[in-house]
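Visitor: coordinates only, sequence not included:
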């Protein structure tokens with residue numbers, strides 16, 4: 001929850017704008033400012049104070065405890081010009097919150113954290129538990145000193161300006177290590193702990209066998225990704241409590257699935273009790289990995305039989321592929337999620353002209369693999385291969401990457417050995433529709449007229465079906481130097497079912513600096529004025545031109561009144 005505190009009428013007005021933009025995320029604190037700040041600080045994860053920074057510093061100073069747990073605090077000035085990240089830039093998320101607040105209020109975010117200022121990821125913002133000399137290694141990165149990467153466990157990381165050798169080290173490991181000056185340890189979530197337990201097993205016994213297994217194997221609890229067990233134990237109090245105290249999710253699997261996992265220590269007891277010869281080892285090994293700790297039993301001081309078992313597996317490092325839609329070209333139509341994925345990627349794959357659009361958003365150290373037109377399948381293969389090597393990869397496409405873009409060939413290459421994330425973008429059809437008015441107000445379809453990947457016979461059949469179904473049609477790739485006859489053919493098919501005066505919108509380079517748009521009719525459109533940078537939208541029988549805009553009513557009953 002984000003607490004909102006203000007002192008003046010201007011501050012309250014900006015506060016209310018933020019509250020209206022984020023319903024459910026915010027809580028307004030009224031009353032004396034000092035009391036409101038104290039209450040919000042205690043009850044919320046983040047604060048936005050519409051107050052002077054000096055005043056907020058004096059109010060929160062006595063409340064500070066630990067930067068890992070203190071809320072992030074953002075200050076907005078009286079005129080609403082700046083959103084200042086004051087406290088908890090990384091740990092409290094204030095840097096990101098300042099950017100969000102600025103976006104809503106039209107202010108400028110002010111971030112003074114050194115790593116953010118120079119575009120180097122903070123070591124405490126990588127999404128992994130971090131230990132060791134964070135300040136010293138961060139200072140070395142900022143000063144340009146060589147910092148070496150020692151990855152004992154392969155895990156996708158964002159770009160870091162790391163060297164092969166150096167006096168400072170970033171170490172990626174799930175093993176217990178002694179703290180060393182000049183070294184930061186990143187803990188990847190690489191361990192899966194399988195747990196079995198008798199009915200009524202105490203939480204202390206379950207937790208004890210897990211912690212003992214990790215400790216004796218020299219493994220860090222910070223790298224435990226989850227506790228796994230059989231479905232029959234999903235509500236076993238001791239297992240549930242142990243997972244909660246370790247701060248990891250509890251996942252369960254059907255006995256039939258676990259029974260099919262080959263394990264070194266099967267047993268008749270769990271087979272009789274829950275239907276599988278192994279719980280701990282099978283649950284840990286179900287999705288593959290290296291068995292680091294075979295099944296071990298808990299030990300009880302009174303000598304009674306053990307009630308809990310566990311096994312520990314190191315799951316294989318998985319690369320990450322983000323398929324990112326950049327939108328139609330304008331920077332303000334690039335989504336915040338897309339921008340975050342671009343900054344997160346250590347490898348970027350894309351068409352050269354699209355890379356140029358967003359090159360300034362990439363962090364130092366990002367490896368860029370770019371190629372020209374016509375190499376879509378090659379780019380898809382390259383992105384998947386890089387992800388399989390354990391990297392964090394972003395594969396970019398214009399508009400939405402899933403619409404006539406890179407998602408399809410990439411996902412056709414990818415298997416379940418990598419994580420895939422789709423990041424939606426604003427499509428050319430949507431961007432053009434917004435320029436024209438509301439042509440997509442009712443059922444509509446997008447059809448590419450390029451026969452490079454689709455035979456013309458298939459395209460023609462789809463155009464005819466759309467014409468007969470009275471759908472608004474948006475044509476992508478309508479005409480090029482080598483493909484000049486397809487658009488006239490498609491328009492002729494539509495003309496068999498629509499009046500010559502049917503509105504047609506033609507938008508070139510939607511949302512870009514050289515954008516142009518015009519409204520014409522099905523009979524008057526000259527295909528020679530259209531090229532590959534153009535989107536052509538043909539209305540249905542209800543579409544009308546109203547006040548110079550192309551409008552398709554939401555319902556056909558609106559049709560007569562729109563004439």
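Guide: Perfect, I can see it now. Not measured: the values here are computed from a predicted model.
Visitor: switch to C-alpha atoms for all contacts and neighbour counts from now on
Guide: Fine.
Visitor: now do residue 507 against residue 328, distance only.
Guide: Computed with Cα to Cα, to the nearest Å, the distance linking residue 507 and residue 328 is 12 Å.
Visitor: again with residue 472
Guide: Going from residue 472 to residue 328 by Cα to Cα gives 20 Å.
Visitor: same question, residue 465
Guide: 28 Å.
Visitor: between those two, point out the one with more neighbours.
Guide: Using other Cα atoms under 10 Å as the criterion, residue 465 and residue 328 rank with residue 328 on top: 24 against 14.
Visitor: what separation do you get for the nearest residue to that one once chain neighbours are set aside and residue 299?
Guide: The spatially closest residue to residue 328, leaving aside those adjacent along the chain, is residue 399, at 4.8 Å (Cα to Cα, 6 or more residues apart in numbering). From residue 399 across to residue 299, the span is 59 Å (Cα to Cα).
Visitor: neighbour count winner among these two?
Guide: residue 399 (25 against 16).
Visitor: now that one: how far from residue 391?
Guide: Taken as Cα to Cα, the span from residue 399 to residue 391 is 24 Å.
Visitor: what of residue 527?
Guide: 45 Å.
Visitor: which one's more surrounded, these two?
Guide: When neighbours are counted by other Cα under 10 Å, residue 527 and residue 391 differ, and residue 391 comes out ahead with 26 against 16.
Visitor: and that one, what does it touch?
Guide: For residue 391, the contact set (Cα atoms under 8 Å, 6 or more residues apart in numbering) comprises 155, 156, 157, 319, 320, 346, 347.
Visitor: can you redo those residues as a markdown table with distance to residue 4 and neighbour count?
Guide: Output for these, formatted as a markdown table (distance: Cα to Cα, whole Å; neighbours: other Cα atoms under 10 Å):
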| residue | distance to residue 4 | neighbour count |
| --- | --- | --- |
| 155 | 38 | 22 |
| 156 | 36 | 21 |
| 157 | 34 | 21 |
| 319 | 39 | 23 |
| 320 | 36 | 26 |
| 346 | 36 | 24 |
| 347 | 39 | 24 |
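Visitor: in strands, which of those appear?
Guide: 320, 347 (DSSP state E).
Visitor: show me which pair in the contacts of residue 391 is furthest apart.
Guide: Farthest-apart pair in the contacts of residue 391 is 155 and 347; separation 13.5 Å (Cα to Cα).
Visitor: all helices for the stretch 1-150 of the chain, in order.
Guide: 9-21, 33-43, 53-60, 94-105, 114-118, 134-142 (DSSP state H, counting those that start in this stretch).
Visitor: now those as TSV including mean neighbour count, mean pLDDT and distance to residue 208?
Guide: Output for the helices of the stretch 1-150 of the chain, formatted as TSV (neighbours: other Cα atoms under 10 Å; pLDDT from 0 to 100; distance: least, Cα to Cα, whole Å):
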stretch	mean neighbour count	mean pLDDT	distance to residue 208
helix 9-21	16	89	46
helix 33-43	17	90	33
helix 53-60	14	90	40
helix 94-105	20	88	37
helix 114-118	13	60	40
helix 134-142	18	85	31
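Visitor: which stretch among those helices comes nearest residue 369?
Guide: Nearest to residue 369, of the helices of the stretch 1-150 of the chain and by Cα to Cα, is helix 114-118 at 22.9 Å.
Visitor: chain center to stretch 229-239: distance?
Guide: 31 Å (Cα atoms, centre = their mean, to the nearest Å).
Visitor: which outside residues touch it?
Guide: For stretch 229-239, contacts defined as Cα under 8 Å, 6+ apart pick out 194-197, 199-207, 240, 250-255, 258, 274, 279-280, 283-284.
Visitor: so which of the residues you listed are in helices?
Guide: Within the contacts of stretch 229-239, residues falling in helices by DSSP state H are 203, 204, 205, 206, 207, 240, 255, 258, 274, 280, 283, 284.
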